[in-house]
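> could you look at this predicted model? Sequence included:
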Amino acid sequence: MSENLLSKINNPTDLRQLDENQLGQVAQELRDFIIDIVSRKEGHLGASLGVVELTIALHYVFNTPDDLLVWDVGHQAYGHKILTERKNIFHTNRELGGISGFPKRTESIYDTFGVGHSSTSISAALGMAIASNIKGETEKCHIAVIGDASIASGMAFEGLNHAGVTDANILVILNDNAIGIDPSVGALKNYLTAVKEGKNHKQNNIIKSLNFDYSGPIDGHDMKVLIQELERLKKIKGPKFLHIITTKGKGLQLAEEDQVKYHAPGKFDKNTGAIHPKSEENLPPKFQDVFGLSLVELAQQNQKIVGITPAMPSGSSMKFMMEAFPERAFDVGIAEQHAVTLAAGMATQGMIVFCNIYSTFLQRAYDQVIHDVALQNLPVIFCLDRAGLVGEDGATHHGVFDIAYLSCIPNMIVHAPMNEIELRNILYTAQLGLNNPIAIRYPRGRGVVVDWKKPFQKIDIGKAFQLKKGSKIALLSTGTIGNNVIKALSEIENSNLFSHYHFPFVKPLDKNLLHEICLNYQQIITFENGVISGGFGSLVDSFTSEDNYSIPIKKIGVPDYFIEHGTVNELQTECGFNVETLKSYFETFS
């Protein structure tokens, strides 16, 4: 049996000592290593398996870290991490205090740019390349690896458009596997398919017309061809573009066959790929499914309802609407800005538009929310999945800023349901017809109500209500974090001190109830699964100061620094609002 080569590789310098004919063995060992760890520890799988050969070839041919390698999104960077001095700690991937699931500048000199959201790689690598030219480092290479779903995003085109009129030494590698998290969509995807199938005329090349030296498509799993082409391109100056064809999940049959499920499959059998089943009996539903299934119910009754998602049909459960009403539900690809303005355009024509975007991704369309929706007071219904702390994806994906960045926008209603039934009812209320845009924020994962499919009921906009009566201290919560407060209060002996109020509407705030609270309690404590700076507690604080109340306010939420990765409970503990921490805190009052 041949010796294990990967065990001797700690960094790319070690890799470059090998003969080229040994790299196929390294690829097999690297795949096995990734499969072994991810099968036990969970994480993103398919994307990294698809670029094993490319990862090895890039570090073999280019002089990393002096040559700068930028991965787009970073789902596919596990092999890169293992080859760049993190093999022995890779088992800590996505764990509290462990390495990040995405490239991160503070983690390694080989991670040249921090990523997690798509379509940043070309602009970043171009910025590096132009800086190298200014510094006189004209021999330095700059490589951006981007997928076919990410390159369809507007920002990627902006980067290509600029790069094409520079002499920057940049190589853009298109990793084309026809899938992002869900299958890629759009006219560009159709163009790339035609190129792959040899049906596109050579002179009809989008990339060449942008002044790039285009080559490909080539087989991204053929190590010899890859290295040969990378060696050739290394010697060519200016903007270059290499189109490679790969298979997401390569090397694990089930992952190749079901690329959506094996993007991040959870725990599985490393030999067969079979995913370990999780019992879902008698569990509350996922919020995304409550959204998706309720939307279909509403769409059956209301012909004006349409759904839009930017490349997240599975993750947001918009897929249910797309299956039931394909002509009224749209996956627009990784294009959040377009999604928001498309929704605005539809709303001008009387459509009732549910625009479903992860909270962290709506950040990418902030101007469109203000300029195209709120300024024109168009009643678009934003459904913000993954609001609050999301867990192991970490700082790039936490949806903790939305209350702060949306509540300052005129005309915007901001709602945070406490459970699945309230989510259903606000979806129902919104489609009855509102005079303003509304953002509905709800978390990743499961809710608290098993029997959630109740008849729809209309919600009064701007109303908050009391959940529990107490004597001294008013606890004000918004959204699902209220369930932590309820549970903590049920397990302490001094709970008679606390009144608990649920504020589903962060905007407009229920000022009548706030007046009542300020007159009847000695202290207010606010709770939110979002940033304290500019958040729900800050709005309550502003209300009390503007109305000259002297009642002290304590704000509990996400502190003013970026929260890293870990389980949701671990991160809530860090922020001080998991159940056990709240119990200990409440017990200090007398």
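Nice, I can see it.

> okay, strands next: where are they in the stretch 151-300 of the chain?
170-176, 213-219, 240-245 (DSSP state E, counting those that start in this stretch).

> partners of the last one, with directions?
Pointing back at strand 240-245 there. Looking at strand 240-245 with DSSP bridges, its partner strands are strand 170-176 (parallel), strand 213-219 (parallel).

> highest mean neighbour count out of the ones you listed?
Among the strands paired with strand 240-245, ranked by average contacts under mean count of other CB atoms under 10 Å, first place goes to strand 170-176 (a mean of 26). C-betas here are computed from N, CA, C, even on glycine.

> show residues contacting that one.
Here strand 170-176 makes contact (CB atoms under 8 Å, 6 or more residues apart in numbering) with 50-51, 54, 76, 122, 125-126, 129, 141-148, 151, 160, 163, 192, 196, 212, 216-217, 220, 233, 239-246.

> at 6 Å what do you get?
With CB atoms under 6 Å, 6 or more residues apart in numbering as the test, strand 170-176 has contacts from 122, 125-126, 129, 142-145, 147-148, 163, 192, 233, 239-243, 245-246.

> repeat for stretch 54-63
Applying CB under 6 Å, 6+ apart, the contact partners of stretch 54-63 are 12, 15-16, 23, 26-27, 79-80, 83, 141, 220, 226-227, 230-231.

> of those, closest to Y549?
H80 (54.7 Å; CB to CB).

> which SSE is the residue nearest to that closest one when sequence neighbours are not counted in?
Among residues not flanking H80 along the chain, T55 sits closest, at 5.2 Å (CB to CB, 6 or more residues apart in numbering). For T55, the element it lies in under DSSP states H and E is helix 52-61.

> now Y585
helix 579-586.

> using CSV, list the CA coordinates for that helix.
Extracted C-alpha coordinates of helix 579-586, given in CSV (Å, rounded to 0.1, in the frame of the first residue of the first chain):
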residue,chain,number,x,y,z
VAL,A,579,-32.7,30.6,28.8
GLU,A,580,-30.1,29.6,31.5
THR,A,581,-28.4,33.0,31.4
LEU,A,582,-31.8,34.8,31.6
LYS,A,583,-32.9,32.7,34.6
SER,A,584,-29.7,33.6,36.5
TYR,A,585,-30.2,37.2,35.6
PHE,A,586,-33.8,37.3,36.7
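
> show me which residues of that helix are buried.
For helix 579-586, burial by neighbour count (16 or more other CB atoms under 10 Å) applies to 579, 581-583, 585-586.

> average pLDDT across it?
Here helix 579-586 scores 98 as its mean pLDDT.

> for the stretch 101-250 of the chain, give me the ranges with low pLDDT.
By pLDDT under 70, the low-scoring segments of the stretch 101-250 of the chain are 202.

> and with 80 instead?
For the stretch 101-250 of the chain, applying pLDDT under 80 flags the ranges 179-181, 196-198, 200-204.

> start and end of stretch 345-359, how far apart?
Its first and final residues considered, stretch 345-359 spans 21 Å by CA to CA, to the nearest Å.

> ah, wrong one, I meant stretch 451-470
29 Å.

> again with stretch 496-512
With CA to CA applied, stretch 496-512 spans 24 Å between its terminal residues.

> also stretch 360-374?
Taking CA to CA, stretch 360-374 runs 19 Å from one end to the other.

> now it: buried residues?
Neighbour-count burial for stretch 360-374 flags 360-366, 368-370, 372-374 (criterion: 16+ other CB under 10 Å).

> same thing with stretch 300-319?
Under the neighbour-count criterion of 16+ other CB under 10 Å, stretch 300-319 has 305-319 buried.

> what is the mean pLDDT for it?
For stretch 300-319, mean pLDDT is 96.

> tell me the mean pLDDT for stretch 503-510?
98.

> typo on my end, it should be stretch 426-446
Stretch 426-446 carries an average pLDDT of 97.

> buried stuff in it?
Of the residues in stretch 426-446, those with enough neighbours to count as buried (16+ other CB under 10 Å) are 426-431, 436-444, 446.

> next one: it to chain centre, how far?
With CA atoms, centre = their mean, to the nearest Å as the basis, stretch 426-446 stands 20 Å off its chain's centre.

> using PDB, list the CA coordinates for it.
Only the C-alpha atoms of stretch 426-446 are listed here, as PDB (Å, rounded to 0.1, in the frame of the first residue of the first chain):
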ATOM      1  CA  ILE A 426     -49.000  38.500   9.600                       C
ATOM      2  CA  LEU A 427     -48.600  36.900   6.200                       C
ATOM      3  CA  TYR A 428     -52.400  36.700   5.900                       C
ATOM      4  CA  THR A 429     -52.800  40.300   7.100                       C
ATOM      5  CA  ALA A 430     -50.200  41.700   4.700                       C
ATOM      6  CA  GLN A 431     -51.800  40.100   1.700                       C
ATOM      7  CA  LEU A 432     -55.200  41.600   2.600                       C
ATOM      8  CA  GLY A 433     -53.600  44.900   1.600                       C
ATOM      9  CA  LEU A 434     -51.400  47.300   3.400                       C
ATOM     10  CA  ASN A 435     -50.600  51.000   2.800                       C
ATOM     11  CA  ASN A 436     -46.900  50.500   3.400                       C
ATOM     12  CA  PRO A 437     -44.100  48.100   2.800                       C
ATOM     13  CA  ILE A 438     -43.500  45.600   5.600                       C
ATOM     14  CA  ALA A 439     -40.500  43.500   6.700                       C
ATOM     15  CA  ILE A 440     -41.300  40.300   8.600                       C
ATOM     16  CA  ARG A 441     -38.300  38.800  10.300                       C
ATOM     17  CA  TYR A 442     -38.100  35.200  11.600                       C
ATOM     18  CA  PRO A 443     -35.300  33.000  12.600                       C
ATOM     19  CA  ARG A 444     -33.600  29.900  11.100                       C
ATOM     20  CA  GLY A 445     -34.700  26.600  12.400                       C
ATOM     21  CA  ARG A 446     -37.800  25.300  14.200                       C
END
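
> which stretch of helix or strand covers the residue lying closest to L45 once chain neighbours are set aside?
Leaving aside its sequence neighbours, L45 sits nearest to V38 (CB to CB, 6+ apart; 4.9 Å). Remark: V38 resides in helix 23-41, with elements defined by DSSP H and E.

> so G238 is in contact with A168, correct?
No - in this structure G238 lies outside contact range of A168 using CB atoms under 6 Å: 7.3 Å.
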